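[1] dropping the sequence and predicted coords here.
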Amino acid sequence: MEDLIRRVHQVFMWSLGMREFNQRQTGDWYTGMECLVARRRSKRQERFLAITSVIFQTVLIISSLILAWSKIDCHLLGTIFTSSAIVVNLCYLLFYWPLLAISPVICIIILARTSFHRRRGIETAGRTISWVDSFGGDDEMTYEVMEGPRISQWCTFIVFYTLLLASCTLETLDSASLLPECQTWSATISIVCNLGNQFFYCNFCYFLYLKRKSLERNCERSVTFMRVQIQQHERCCSRASNVFRRYYAFRKFLFPWLNSVLFCSVFGLTFFLSWKLYYPPIDPSTHSSKNGSLHFQDTLFCSATCKTAYVERHDESLIFPAKVVTEKFMMIIIALHVVRGLDLKHQWDHFRMNVYLATSTVGDKEQWKLLTELLEKIHPDTNHDILASVTFPLLGLITGFLSGKNAA
């Protein structure tokens, strides 16, 4: 069973481009004598994993482009006069599709940078770690977290993939409700691309969640180390600096990523709900609404009949709004759970507090004072970031509601 779980984890990490993620931490955490035990692979295996991982990421990027083109072709091209229902598809292309498409792009950038650093022999020690470096395979505790999941991790796994299953089920049911002549090979390809990108987004978010759990594990063990080795001032300071560098690099990625996900998802959700509330119904006999008649032309992937059916289902189908709302909620809930709030700053605050409490009653008071001064010195000013974390979701909520009402 353990071997099966390990194989699944390796495939999971390979799909994200993290093929070097195969290290285990051993050693005595209380004395700081840690060592890494890496599973060696042959050069042929390394080349094979590298090539296939790049191919997989490229296929995902191409599939996301196909998905975008299918939306443009079926809902925007060949339109003589369109109702405001077309705005919904523009909202999809501008505020939902980029969130799905960016995940494989990030992974292939990390894969390229990791390969470049390996060839050049660049090490992260003694320099600032970028957010790209923080995703590399040098964080041995993330592998440990994956091999020995706790109850919270299993619950998170179930929640993430239950939401994904619900979204994929509604997507399939919505496609099956279309006219038989609209269930073409191009529509099938579009659905498969959409489901594949949603699945990869969920995998990517679960990996970010594991990275956060790894950071928490690192903070816990570092606090234990400092309590025992408080007399070793340089080693304690080095340990604290290393925790901060990894925390800050990870936060530099999570902060803009989370704000983008929350703004786009909240905007898309409120836009759709307000548009659905104020959008005038379509007369099925004349294919018209208060905004005018619907006239479409045949294009490469969609006929005029299918385009009319796509617009009419916005008014008639219950599956379509349920699918859209589920997609938005999936993005919001997963993103918030990845960060455990609106900002990762709580992790650093928790670490500092634990260090204060763990070291204040042991060792020399002078050593404790020097350590606390270091933690205060390297602590970043994040007041403006906290304000932005609250502003972006509220901005998405207000602008989404007003835009949806005006578009109806």
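    Right, received. Where do you want to start? Residues are numbered from 1 along each chain as shown.
[2] now for the helix or strand harbouring Phe392, which elements pack on it?
    In this assignment (DSSP states H and E), Phe392 forms part of helix 383-407. In this structure, helix 383-407 packs against helix 233-278, with contacts taken as 3 or more Cβ pairs under 8 Å, 6 or more residues apart in numbering; DSSP states H and E. No exception for glycine: its C-beta is placed from N, CA and C like everyone else's.
[3] helices along the chain, start to end?
    2-15, 43-75, 86-95, 97-120, 140-147, 151-176, 185-228, 233-278, 304-316, 319-339, 345-359, 365-378, 383-407 (DSSP state H).
[4] tell me, how many residues neighbour Leu90?
    14 (other Cβ atoms under 10 Å).
[5] what about it, distance to Ser303?
    Using Cβ to Cβ, to the nearest Å, we find Leu90 at a distance of 21 Å from Ser303.
[6] got it, and Cys182?
    Between Cys182 and Ser303 the computed distance is 8 Å (Cβ to Cβ).
[7] could you do Val338 as well?
    Taking Cβ to Cβ, one finds Val338 at 41 Å from Ser303.
[8] equivalent analysis for Lys43, please.
    Lys43 sits 52 Å away from Ser303, going by Cβ to Cβ.
[9] Tyr92 now?
    From Tyr92 to Ser303 the distance is 21 Å (Cβ to Cβ).
[10] do the same with Asp343
    For Asp343 relative to Ser303 (Cβ to Cβ), the value is 48 Å.
[11] can you check Leu164 too?
    For Leu164, the distance to Ser303 - Cβ to Cβ - is 31 Å.
[12] tell me which of those two has more neighbours.
    Leu164 (21 against 18).
[13] which residues does the more buried one contact?
    The contact partners of Leu164, by Cβ atoms under 8 Å, 6 or more residues apart in numbering, come to 198-199, 202, 330.
[14] quick one: pLDDT of it?
    According to the prediction, Leu164 has pLDDT 93.
[15] please begin residue numbering at 22 from this point
    Fine by me, first position is 22 from now on; the one you just mentioned is Leu185.
[16] where are the low-confidence patches of the stretch 272-421 of the chain?
    300-322, 332-337, 383-385, 402-404 (pLDDT under 70).
[17] send me stretch 236-243 as PDB with only the CA atoms.
    What follows is stretch 236-243, C-alpha atoms only, in PDB (Å, rounded to 0.1, in the frame of the first residue of the first chain):
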ATOM      1  CA  LEU A 236       6.100  25.200   5.700                       C
ATOM      2  CA  GLU A 237       4.100  24.700   8.800                       C
ATOM      3  CA  ARG A 238       6.000  21.500   9.600                       C
ATOM      4  CA  ASN A 239       9.300  23.400   9.000                       C
ATOM      5  CA  CYS A 240       8.200  26.100  11.400                       C
ATOM      6  CA  GLU A 241       7.200  23.600  14.100                       C
ATOM      7  CA  ARG A 242      10.500  21.800  13.900                       C
ATOM      8  CA  SER A 243      12.500  25.000  13.800                       C
END
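[18] please state the offset of it from the chain centre?
    The chain centroid and the centroid of stretch 236-243 are separated by 22 Å under Cα atoms, centre = their mean, to the nearest Å.
[19] how close does Thr209 get to Cys128?
    On the measure of Cβ to Cβ, Thr209 and Cys128 end up 26 Å apart.
[20] check Leu290 too.
    26 Å.
[21] Thr209 and Cys128: who's more crowded?
    Neighbour totals were compared for Thr209 and Cys128, and Cys128 leads with 25 against 11 (other Cβ under 10 Å).
[22] may I see the ChimeraX selection of the buried members of the contacts of Leu185?
    To isolate the buried subset of these in ChimeraX, counting by 16 or more other Cβ atoms under 10 Å, use the following:
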select :219,220,223,351
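[23] could you work out the most separated pair of the contacts of Leu185?
    Across the contacts of Leu185, no pair lies farther apart than Phe220 and Met351, at 11.5 Å, counting by Cβ to Cβ.
[24] find the centremost residue of this protein, please.
    Cys226 (3.9 Å; Cα atoms, centre = their mean).
[25] list the contacts of the spatially closest residue to it that is not a sequence neighbour.
    Nearest residue to Cys226 in three dimensions, chain neighbours excluded: Ile355, at 4.8 Å (Cβ to Cβ, 6 or more residues apart in numbering). Contacts for Ile355 (Cβ under 8 Å, 6+ apart) come out as 181, 184, 223, 226.
[26] just the CA coordinates for stretch 79-94, please, in PDB.
    Presented in PDB, the C-alpha positions along stretch 79-94 are these (Å, rounded to 0.1, in the frame of the first residue of the first chain):
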ATOM      1  CA  THR A  79       2.600  21.700 -23.500                       C
ATOM      2  CA  VAL A  80      -0.500  19.600 -24.200                       C
ATOM      3  CA  LEU A  81      -2.300  21.200 -21.300                       C
ATOM      4  CA  ILE A  82      -1.400  24.700 -22.600                       C
ATOM      5  CA  ILE A  83      -2.600  23.800 -26.100                       C
ATOM      6  CA  SER A  84      -5.800  22.300 -24.700                       C
ATOM      7  CA  SER A  85      -6.500  25.600 -22.800                       C
ATOM      8  CA  LEU A  86      -6.000  27.500 -26.100                       C
ATOM      9  CA  ILE A  87      -8.400  25.100 -27.900                       C
ATOM     10  CA  LEU A  88     -10.900  25.700 -25.100                       C
ATOM     11  CA  ALA A  89     -10.600  29.500 -25.500                       C
ATOM     12  CA  TRP A  90     -10.900  29.200 -29.300                       C
ATOM     13  CA  SER A  91     -14.000  27.000 -29.100                       C
ATOM     14  CA  LYS A  92     -15.700  29.700 -26.900                       C
ATOM     15  CA  ILE A  93     -14.800  32.400 -29.300                       C
ATOM     16  CA  ASP A  94     -15.900  30.500 -32.400                       C
END
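[27] good, we can wrap up now.
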